[in-house]
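K.L.:
one predicted model, sequence on top.
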Amino acid sequence: MDLRSLNDSVIHTSRDRRSSTLSPEYRVGSPQSSGWTRSSAPAMTVVPLFGPDRGERFVPPLSGLKLARVAGYGNVELECRSDREDGVAIVPLHIGYIQDQAQNHALCGSALLGVGQKRMFNDACCVQQGQGGFLEGREQWFFVLPIALREAALQLRGKASYGKLWKDISALNHALGLPARGHLESIVCRDRYYLGQYANRFELCEGQTGALFFVEDRLVGVEIAPNARYFAEAWMPLVCFSYGVLAKSREGGAPPVRALEGSTLEAVGASLAQRRRARARALFAKLDELATLHDASEVLEEERYLGLRLSTITGPRFVGQIVEERVAGRKELVYLSLFATRKRLDEAA
Amino acid sequence: MFPVSSFAGSSGAPLIERVRAKAQPLVLRRGRSLVWKEAAEHRATWESDPELYALSSIAEGVPVEQRARALFVVLGSSWANLSAGARETVSRVARLLLAALPAEDVLTVMLALRRGRANHKHTARAILRWLTEHPQMYELALTRSSALRDLVEHAAGRSAIRSALERLSSAPSVEAIELPHVRDEARAASLLRLVFRRALRAGHDGLGARDRVRSLSGVAVDTHLRYANGLDAHRDAPKTVTATNRGDIAATLVHLARGGPNAELERALVRYVDAKASELTAFDGSIAIVLDASLSSRGYGERELALFSQSVALTLVLQRVAARVEVVVVGDDAAGRMFGATSWLPRPVGVSDLARGLLEAARRDTDVIAIVTDGYENTAAGDLADVARALPTVNITTPIVVCQSKFTAKDDMTLRRPAPDIAEIGFWHEDDFAEVLLNLTTRTHPAMAATSLRRALEARLTGLTRELEPWTSAP
């Protein structure tokens, strides 16, 4: 297993490994930005991606994957439900569940489930060290772990110890000025009103199948789904909780006062368009940071389901998981969740 | 013509904002004339357009303290140069204020007029009729005897009061006294007996004044409350706000957006829009509306379609009310879906490029630009503010107002202010549309703004007078 399929499918890297561009299969939307840091830089920017539709058999994670039961701490059972006989669920990487009357958990790795299958994940992280206090209502909803926790969670996959993430959760709480406890709901529940607004501040586009995430104009994540419906259901957990928590920690500044040049209305419009194009170019140039992904990363196959292969990518700056499918002799990217390591995040801070 | 876009010498805020500014209660200090900080501006505004000045005091949301100031200026100024129509309007406004202001504030104003030696006929008439016609005249007379003595002497003249007291003293059975301007002679007599009870001495203890004082002790003079509540009627919000209980137009649009074509709903939509438009004052000018029809305006959960439907409702109503409306849709569905000849509904999809919307609206050469939005801007953050800042540099000075579509009046707007330097007004219910329209029209050029404001407030005065029927005939 290597990353050539990733490079071929999504990111084309130049021979000298110095630059990267997106594969022509992927269109990009206009960058969306919201919020300002204390140095008046954009807090978070999202670039929508529009890639190939890999088919409706890939069931969306909210409607197609059900939390069947929690059998004691650290043991979470999921079930794949679909009307399609060929339905298959790709469990979103680091999905977590908040629910009434039960301890909250997050999973350490992705997985592949066929329709009707149930699977018990014995290596789930309990994200609630003690009794919780912020649960509201009976509705069950899912989130994706804040990015600051994801590398640790990925490294801890397979380890059956439900409190394994508490130390990292405690450190994250402390970094955010909250009581240093292993309670993730201090963030995702208490700040839910603020974090939930990221789904309004960044708008999902019709047909969107993925996104590039930037915080303070540094690339911190690439998320790609098998189809638009899947991405639509994964969107809020990603933008609000996985990346939103990081963005919120960097916000708090005022917008810069920027002039738009021009002596006519048309000239002002042109000045705005030029500024936007320049910014988009600058953002896409950041993809060069993925150029060395191929050389420096380790790829480990985790699971197979028919023609699907789930693998873990471990690199110096980015880690994550990928699902590919061999179709007509070539590998196609089906799912990707690639995000910045702790080291990279700490460099950006 | 009165520059309704500002008080003379003020910061330039529209008149409607100025009259709604918070103010300290009027205080009449011993031995001094009444003073307050913006007194010169009030007088200048009155001099410039007395009718509009008076009308502005009965706009919704004007604090009691500002209304008291207006009453003082109106009653204390000469009406000699007012046209018959203006005099009639100013009188009606004064009557409403006299009924709606707390008695203590009215007394302060009247005592200040006395201190300033205001002796116009309408001043005297206002004082004497208000006192003799007040439904709680006894309470006032017994608890504020000293003030009322000063006022009747000032308004009627000392010699007239002296003659009246002599008559009352010499003929205890006299039940009616003629005083200048007063219609009810019997109440005039009662009033004088009460406030001059000491001067009228034994045998005539002011109709059992001591007993009355005791029995009325602690009774509040609150006649004004009904009128005050009528001036600023508080809308009862539903206990639980939903997407379909924020006005009939928005509710119907929610149902239309959720489902396909429905002839009954479409007919109802037209009726509801027409009905709401007929309640509002027609605007002779033009409005460019940047309608945020992006995905975020759709919302989700219990709020799904709530904000968007109200934004569209406002747009449809403004299209009926203004002489010309240009709509620029921000989002991916500019064409929308037509219902009948005049109603239309886009789908809320796409990104929030409010900056591009403003650039396009600026091209349409209208009298004012309304950006109707839920407030989330992402393409890109800060661009709207930058474009708004650039427009005057290319000689485009069209006033811009961000009209914030909210779920309830209490929405937290911290993250929903894309350009805080632009004027903003929020709305969540179709009952707010009148205020939005007023805010837009009073920011246009002075002549148009004055006409719009005058028209709106005259309609309000007529409605209030009919509905509330002030108890006093003063002034």
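P.N.:
Yep, that arrived.
K.L.:
can you check which helix is longest in chain B?
P.N.:
The helix of greatest length in chain B, counted in residues with DSSP state H as the criterion, is given as helix B:446-468.
K.L.:
can you tell me the closest non-neighbouring residue to A:G29?
P.N.:
A:P48 (3.4 Å; C-beta to C-beta, 6 or more residues apart in numbering or on different chains). Placement of C-beta: from N, CA and C, glycine included.
K.L.:
does that neighbour sit in a helix, a strand or a coil?
P.N.:
For A:P48, the assignment made with DSSP: H, G, I helix; E, B strand; the rest coil gives strand.
K.L.:
wait, it touches A:G207, no?
P.N.:
No: the pair formed by A:P48 and A:G207 falls short of the contact definition of C-beta atoms under 8 Å, at 9.1 Å.
K.L.:
what sits opposite A:L49 in the beta ladder?
P.N.:
A:V28, A:G210 (DSSP bridges).
K.L.:
low-confidence ranges in the chain?
P.N.:
No chain in the question, so chain A it is. A:1-22, A:100-101, A:130-140, A:291-295, A:348-349 (pLDDT under 70).
K.L.:
if you could check chain B rather than the one you did, that'd help
P.N.:
If you take pLDDT under 70 as the line, chain B has these spans: B:1-13, B:201-219, B:340-342.
K.L.:
before we move on, the earlier item: contact partners for the residue nearest to A:G29?
P.N.:
Contacts for A:P48 (C-beta atoms under 8 Å, 6 or more residues apart in numbering or on different chains) come out as A:28-30, A:32, A:204-205, A:208, A:210-211.
K.L.:
what are the buried residues along stretch A:301-312?
P.N.:
For stretch A:301-312, burial by neighbour count (16 or more other C-beta atoms under 10 Å in any protein chain shown) applies to A:302, A:305, A:308-312.
K.L.:
again with stretch A:35-50
P.N.:
Applying a neighbour-count criterion of 16+ other C-beta under 10 Å, one finds A:35-37, A:41-50 buried in stretch A:35-50.
K.L.:
count of neighbours near A:E298?
P.N.:
Applying other C-beta atoms under 10 Å in any protein chain shown, we find 12 other residues in the vicinity of A:E298.
K.L.:
no, scratch that, I was asking about A:G116
P.N.:
Other residues near A:G116 number 11, with proximity taken as other C-beta under 10 Å.
K.L.:
name the nearest residue to it, ignoring sequence neighbours.
P.N.:
A:C80 (6.7 Å).
K.L.:
okay, and which of the buried residues of stretch A:301-312 map to strands?
P.N.:
Where the buried residues of stretch A:301-312 overlap with strands, as defined by DSSP state E, the overlap consists of A:302, A:305, A:308-312.
K.L.:
can you report how many residues lie near residue 296?
P.N.:
This is for chain A. Applying other C-beta under 10 Å, we find 12 residues neighbouring A:A296.
K.L.:
not quite, go with chain B.
P.N.:
As a burial measure, B:S296 scores 28 neighbours (other C-beta under 10 Å).
K.L.:
contact partners for it?
P.N.:
The neighbourhood of B:S296, defined by C-beta under 8 Å, 6+ apart, consists of A:199-201, A:203, B:352, B:374, B:376.
K.L.:
going by neighbour count, which of those comes out on top?
P.N.:
Neighbour tally across the contacts of B:S296 (other C-beta under 10 Å): the maximum, 33 neighbours, falls on B:S352.
K.L.:
hmm, B:Y376 and that one touching each other?
P.N.:
Yes: under the criterion of C-beta under 8 Å, B:S352 makes contact with B:Y376 at 5.7 Å.
K.L.:
so who does B:S309 touch?
P.N.:
Taking C-beta under 8 Å, 6+ apart as the criterion, B:S309 is in contact with B:243, B:249-251, B:253-254, B:257.
K.L.:
and it, what helix or strand is that in?
P.N.:
helix B:306-321 (DSSP states H and E).
K.L.:
can you give me the buried ones in that helix?
P.N.:
Buried residues in helix B:306-321, counting neighbours by 16+ other C-beta under 10 Å, are found at B:306-319, B:321.
K.L.:
CA atoms only: put it into CSV for me.
P.N.:
The C-alpha atoms that make up helix B:306-321 are tabulated as CSV, following Å, rounded to 0.1, in the frame of the first residue of the first chain:
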residue,chain,number,x,y,z
ALA,B,306,-38.0,30.7,10.0
LEU,B,307,-35.5,33.5,9.3
PHE,B,308,-35.6,33.0,5.5
SER,B,309,-39.4,33.1,5.3
GLN,B,310,-39.5,36.4,7.3
SER,B,311,-36.8,37.9,5.1
VAL,B,312,-38.9,37.0,2.0
ALA,B,313,-42.0,38.3,3.7
LEU,B,314,-40.4,41.7,4.3
THR,B,315,-39.3,41.8,0.7
LEU,B,316,-42.7,41.1,-0.7
VAL,B,317,-44.3,43.7,1.6
LEU,B,318,-41.7,46.4,0.7
GLN,B,319,-42.4,45.6,-3.0
ARG,B,320,-46.0,46.6,-2.4
VAL,B,321,-45.3,49.7,-0.4
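K.L.:
what about the longest helix belonging to chain A and chain B, touching?
P.N.:
Criterion DSSP H: the longest helix present in chain A is helix A:265-285. Yes: Helix A:265-285 comes into contact with chain B when judged by C-beta under 8 Å from any C-beta of the partner chain, the residues involved being A:265, A:267-269, A:271-272, A:276, A:279.
K.L.:
list only buried entries from these.
P.N.:
Buried residues within these, counting neighbours by 16+ other C-beta under 10 Å: A:265, A:268-269, A:271-272, A:276, A:279.
K.L.:
okay if I get those residues as JSON lines plus distance to B:L384?
P.N.:
As requested, those are exported to JSON lines (distance: C-beta to C-beta, whole Å):
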{"residue": "A:L265", "distance to B:L384": "15"}
{"residue": "A:V268", "distance to B:L384": "13"}
{"residue": "A:G269", "distance to B:L384": "13"}
{"residue": "A:S271", "distance to B:L384": "15"}
{"residue": "A:L272", "distance to B:L384": "10"}
{"residue": "A:R276", "distance to B:L384": "13"}
{"residue": "A:R279", "distance to B:L384": "16"}
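K.L.:
list of residues touching the longest helix of chain B?
P.N.:
Contacts to helix B:446-468, defined as C-beta under 8 Å, 6+ apart, come from residues B:1-5, B:14-16, B:49, B:51-52, B:55-56, B:58-60, B:89, B:92-93, B:95-96, B:99-100, B:226-227, B:230-231, B:281-285, B:367, B:434, B:437-438, B:441-444.
K.L.:
which of the residues in it are buried?
P.N.:
Within helix B:446-468, the residues that count as buried by 16+ other C-beta under 10 Å are B:448-458, B:460-461, B:464-465, B:468.
K.L.:
C-alpha coordinates for stretch B:426-436, PDB please?
P.N.:
In PDB, the C-alpha atoms belonging to stretch B:426-436 read as follows (Å, rounded to 0.1, in the frame of the first residue of the first chain):
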ATOM      1  CA  GLY B 426     -33.600  43.800  13.500                       C
ATOM      2  CA  PHE B 427     -37.000  42.200  12.800                       C
ATOM      3  CA  TRP B 428     -38.500  38.800  13.800                       C
ATOM      4  CA  HIS B 429     -42.200  39.300  13.300                       C
ATOM      5  CA  GLU B 430     -44.200  41.000  10.600                       C
ATOM      6  CA  ASP B 431     -45.400  43.500  13.200                       C
ATOM      7  CA  ASP B 432     -41.800  44.800  13.000                       C
ATOM      8  CA  PHE B 433     -42.100  45.700   9.300                       C
ATOM      9  CA  ALA B 434     -43.500  49.200  10.000                       C
ATOM     10  CA  GLU B 435     -40.400  50.000  12.100                       C
ATOM     11  CA  VAL B 436     -38.100  48.600   9.400                       C
END
